[in-house]
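> got a structure for you, letters missing:
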């Protein structure tokens, strides 16, 4: 099969681009990493790729609010190119800071309801936290989700709490299939902090758009991609397949 | 709006739509309540952005909507001027940054707003010139003005970098109406009268000019200028003071010392002379060991050891104590930022992949009314330094993987902040050499008035007025600027045409004066100070030269690479500017607008410091009488687990991203129960299973008895920590950080000598070369006699003599690492070592055996016995594994009593869980019991049960103390 090309966009303060690229390569894709300014000057790289990934980090220091400034860049300079990208059936993945960027550009949840109805606010704890969580997949159209679970991977953020404008927005999110993953405990049941680590509405951890081609999630799948990533790996068999890889493999398979 | 309208100021106020979304207000409220004002009802925070430029309401509203407000969670109010918001708030505090203090958010908004102006094509009608940010807090439930002012200055603002405008209870501060400006200076070359000064006048000049040079040093400078036949310029004198500061040149550790007193590790008294204390102890150990895997030691910004055939690892640990005492958040952030830059500027550039942090602080429950004037509350220091490390490290994308927090009352006035960083460096990028004719390029952040006199400030004692006197020494960091610089450096280092610069170093203490002075030591340098990019106009040339503004690197760049290098930095949005030339004439020449303002021989600058012979004395004091102990083993175990120095630091650890870069192997928290890992293991290459372990040792409680023993214990603990996760003692290097109260008395200097000798003996015996180090020898505080009497404290307070040892160990295959959580019911538990004071050679043999058992897969859990002794070590392993154990002391025999066995702290002592079927035995190995699948820890002697406790109870005792500090 032909190589799938992944374009990874970074900006000032992006800091997970290397390990994210490594995981894409691990599952068989080819990657190219570009500074957002370079992409702005030459958007043809989008046309040459099948998957766009915005990795984690603190783009522009999360100044103003997380992901906001890079979202401004995308809206001002690349909105048409991104719309064409999705129309062409291609996939977009935003991890952590990348998820925040996708929400603040309006690409997620991308509902018919319009922009400005969903955001990622400060965690209820008021603090940045690095903590492993379980994720229950919501079976649906999202091309990154295969339905098996729960998946185990870490969150590491201060602004990951999904907040919605009103009850209608939440109903639409759920009913129209925008929820891709929810925070659960190891047995698959919902719970308060720390099961839901940031106080997210309806325990939502990840969102997808109307097409299922765009996924944004707060947890870091690329941080559970090596046998020694798992916090309990010294108690586990060493030949396991790490959970985080699944998401990348599923997306790749959906393009083939 | 027409073109001729003058500039105006507009404000944008953002308030969370509901109290539950107002994390800033809730955080402040929790903080205030925890610190005693439990009757405060609410604190609501408002974020303020002020814009200055050619602006009108329509434009500001558009900017606010598109850029500033999140409509799902915030309400927005746009107003003209700076005072048009907050109607209806009766009691409030508005906090603004002082002019000239770094404000990264404002800088980002300014840059983005300008971009938007271009995109909207409104350049003709609108222009944004400047942005400021501020916070306002509306408070209800306050009793009186005193409480309000206490909250304003003690919780909401730090008057070192911020101004609080307070309204309520009859006080009504006048808030600013326009942007404040940093003071402007016009250029004038200044000389300082020196040649004609007598000794008293020299001393006055040294003190009042914040030079902190000794009488002998001032006289050496006077003699140098007498031969030149002229007085120095201000900038020459500043350059000498920076370069000769304790902070930069470590003159105490490098001085010649005659030591008289107790022998080292033997009975009796000796007199011995050390020519250069550091060289004849710490460095001598490294030379004696002569390991071929030590690639660069004591030369560069960091020490480098071999990692694999392609790469080395560079490790550095810095202190940032004084800045953290007066502004904990900024101090710790720039501490870690500076240490990261040390790694970035090591060789031709290393890529940082792990950080460490160690804090020594007073207990967070210190009574408010016993706080000396000018001293911040330890709770505020703790949350501040944690926040600083968190925000800088996380934003840089460098995992903070290992550390420690040590609580002791004597750190009240002088908290210690140690920041470490480790980087990966290609082995062909370690050597660097400036070439004559190279351009001097400064890259990164702009230079401002922040951080003037940091190097000399940190070489002085703190006083109750230091906040007023030294606020200019504090720096505020901007992690994203540093990340951009790092991204650019790595591109330039690995450029397809070869490395684009011949040498590089960071701007740290002393700013450009140190960086350029150091790089140009052999060749000489000429700098045009007017070329240095400034944050705002009006800096004097000497301020430009010594400013410690953050996030700057200096490179030497050959003509042929200059254009390419500048393009690389521009592509990463990093400013890089040529400011001079490395000349080859051996002179340091400073110019401003073409006028020579300073000219110094590099030889005098670097070798003119007079060497002094100092006397050191140390005699053994009376041994301390042991404090009475609780008889009941069970309750003593619970209280030992709840000691602040033992208790869980999970609240702190979780605020640090310890997994970014995806190299995490052994995390700081182990097992289902999140127990305390002995050391961290990180895999720095995504394509390799080779790793490194990082650990540390710190035992200041032993310094009062004997600093020699303290040093042995610190090295031993650091080594045990890395061995417990799978480190190889034959491939372990160590770093030293000496923090002393003072070294101005023979006794204090004697203590330093003993610690150096202890570190040397342990390093040689265990085969651990020192590769780098840093000292901070002025950590004392003085206050007036009346104030001291009121607080029932001495007028001069000193920290305990503190030696931090950091260890780095190579791990050939991380799949062989072990963690400290108990694994499997039925497995045997062994105690190895401990319980008698073993000689260093015997201890070395035990360390080697334990490491071999772990490497051979005979051990599935290992933990070192440190604070709280054997009982606490076993309890922590149970907590981490969320499972129980039965322990019987019979195998120890009767020679040591139970309490000493269970709670004594010993060097060279481990608890191991053997893998099923493995046999481990021999000298110093004691079978103490086994892992069980019932959640209970039982300790017995013969048939008598000494303690029986549920793991839940142990866990609760261990978690509670610091959770209360950090919980919101």
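Received the coordinates, thanks. Everything numeric in this text was worked out from a predicted model, so none of it was measured. Numbers count the residues shown, from 1 in each chain, chains lettered A, B, ... in the order given.
> Help me confirm that residue B:358 is found in a strand?
Yes. Counting by DSSP: H, G, I helix; E, B strand; the rest coil, one finds residue B:358 located in a strand.
> and it, how many neighbours?
The burial count assigned to residue B:358 is 22, neighbours taken as other C-beta atoms under 10 Å in any protein chain shown. Yep, even glycine has a C-beta here, placed from its N, CA and C like the rest.
> what do you get for residue B:736?
Neighbour count for residue B:736, taken as other C-beta under 10 Å: 26.
> ok, now which ones touch it?
Contacts for residue B:736 (C-beta atoms under 8 Å, 6 or more residues apart in numbering or on different chains) come out as B:282, B:759, B:770, B:773, B:774, B:775, B:803, B:804, B:805.
> Dig out what it forms beta bridges with.
Residue B:736 has the following beta-bridge partners by DSSP bridges: residue B:773, residue B:805.
> Tell me the spacing between the residue of the stretch 1-150 of chain A found nearest chain B and residue B:702.
Ranked by C-beta to the nearest C-beta, the top residue of the stretch 1-150 of chain A for proximity to chain B is residue A:15, at 2.3 Å. In this structure, residue A:15 and residue B:702 are separated by 40 Å, where distance is defined by C-beta to C-beta, to the nearest Å.
> same thing with residue A:99?
According to C-beta to C-beta, residue A:99 stands 49 Å off from residue B:702.
> quick one, what contacts the residue lying closest to residue B:583 once chain neighbours are set aside?
In space, and not counting its chain neighbours, residue B:583 is closest to residue B:524: 4.5 Å by C-beta to C-beta, 6 or more residues apart in numbering or on different chains. Residue B:524 is in contact with B:582, B:583, B:584, B:585, B:586, B:587, B:588, B:589, B:602, counting by C-beta under 8 Å, 6+ apart.
> now residue B:350
Taking C-beta under 8 Å, 6+ apart, we find residue B:350 in contact with B:302, B:304, B:312, B:313, B:314, B:343, B:344, B:423, B:424, B:425, B:429.
> What about these, which are in strands?
In strands, defined here by DSSP state E, the members of these are B:304, B:312, B:313, B:314, B:423, B:424, B:425.
> is it true that the fourth one touches residue B:425?
Yes. Using C-beta atoms under 8 Å as the test, residue B:314 is close enough to residue B:425 to be in contact (5.3 Å).
> In which helix or strand does residue B:930 reside?
With secondary structure defined by DSSP states H and E, residue B:930 is part of strand B:925-932.
> Does that strand reach chain A?
No. Strand B:925-932 stays out of contact with chain A when judged by C-beta under 8 Å from any C-beta of the partner chain, the minimum separation being 12.3 Å.
> The lengthiest helix in chain B - contacts with which helices or strands?
The helix of greatest length in chain B, counted in residues with DSSP state H as the criterion, is given as helix B:746-766. The criterion is 3 or more C-beta pairs under 8 Å, 6 or more residues apart in numbering or on different chains; DSSP states H and E, and the helices and strands that helix B:746-766 contacts are strand B:256-262, helix B:277-278, helix B:284-289, strand B:613-618, helix B:707-724, strand B:732-739, strand B:802-811, helix B:840-855.
> Going along the chain, name the strands of the stretch 551-700 of chain B.
In the stretch 551-700 of chain B, the strands defined using DSSP state E, counting those that start in this stretch lie at B:552-557, B:576-582, B:587-592, B:595-601, B:613-618, B:664-666, B:669-670, B:675-676, B:680-682, B:691-698.
> Could you do the stretch 51-200 of chain A as well?
In chain order, the stretch 51-200 of chain A shows strands spanning A:51-54, A:91-95, A:118-121, A:129-137, A:151-157, A:161-164, A:179-184, with DSSP E, counting those that start in this stretch as the criterion.
> Export those as CSV, with columns for distance to residue B:955 and mean pLDDT.
CSV is the format used below for those (distance: least, C-beta to C-beta, whole Å; pLDDT from 0 to 100):
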stretch, distance to residue B:955, mean pLDDT
strand A:51-54, 39, 98
strand A:91-95, 33, 98
strand A:118-121, 32, 96
strand A:129-137, 17, 97
strand A:151-157, 22, 97
strand A:161-164, 28, 96
strand A:179-184, 23, 98
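> I figured the residue of the stretch 1-150 of chain A closest to chain B hits residue B:484, correct?
No. In this structure residue A:15 lies outside contact range of residue B:484 using C-beta under 8 Å: 11.3 Å.
> Who has more neighbours out of the two?
residue A:15 (26 against 23).
> what's the pLDDT at the more buried one?
Residue A:15 carries a pLDDT value of 96.
> so where is the stretch 1-150 of chain A shaky, pLDDT-wise?
A:1-2, A:111-114 (pLDDT under 70).
> Return the residues of it in contact with chain B.
Going by C-beta under 8 Å from any C-beta, the residues of the stretch 1-150 of chain A near chain B are A:12-16, A:18-19, A:22, A:35, A:37-38, A:56-58, A:60-65, A:68-69, A:72, A:76-77, A:116-119, A:121-131.
> What remains of these if I keep only buried residues?
When these are checked for burial by 16 or more other C-beta atoms under 10 Å in any protein chain shown, the buried set is A:12-16, A:18-19, A:22, A:35, A:37, A:56-58, A:60-65, A:68-69, A:72, A:76-77, A:117-119, A:121-131.
> what's the overlap in contacts for residue B:314 and residue B:425?
Counting by C-beta under 8 Å, 6+ apart, the common neighbours of residue B:314 and residue B:425 are B:304, B:346, B:347, B:350.
> Direction included, what does the helix or strand encompassing residue A:6 pair up with?
Secondary-structure element containing residue A:6, defined by DSSP H and E: strand A:5-10. Pairing partners of strand A:5-10, with direction, according to DSSP bridges: strand A:30-35 (parallel), strand A:51-54 (parallel).
> hey, which of these is tucked in deepest?
strand A:51-54 (a mean of 28; mean count of other C-beta atoms under 10 Å in any protein chain shown).
> Need the contact partners of it.
Outside of strand A:51-54, the residues within contact range by C-beta under 8 Å, 6+ apart are A:4-9, A:20, A:24, A:29, A:46, A:70, A:82, A:85, A:90-95, A:97-98, A:101-102, A:251, A:255.
> what's the answer for stretch A:78-85, then?
Residues from elsewhere that reach stretch A:78-85 (C-beta under 8 Å, 6+ apart): A:39, A:40, A:43, A:46, A:52, A:74, A:92, A:105, A:107.
> among these, which are in helices?
Judged by DSSP H, the contacts of stretch A:78-85 include A:39, A:40, A:46, A:74, A:105 as members of helices.
> The closest residue to the fourth one other than its chain neighbours: neighbour count?
Distances taken as C-beta to C-beta, 6+ apart place residue A:105 nearest to residue A:74, at 4.9 Å, with adjacent residues excluded. Applying the criterion other C-beta under 10 Å, we find 23 residues in the vicinity of residue A:105.
> Now for the residue of the stretch 701-850 of chain B found nearest chain A: which residues touch it?
Across the stretch 701-850 of chain B, the shortest distance to chain A (C-beta to the nearest C-beta) belongs to residue B:819, at 4.7 Å. Neighbour list for residue B:819: A:234, B:666, B:670, B:671, B:677, B:725, B:861, B:880 [criterion: C-beta under 8 Å, 6+ apart].
> What is the neighbour count of residue B:556?
26.
> Could you tell me which residues make contact with it?
When contacts are counted by C-beta under 8 Å, 6+ apart, residue B:556 is found next to B:434, B:435, B:438, B:439, B:440, B:441, B:501, B:502, B:503, B:504, B:519, B:582.
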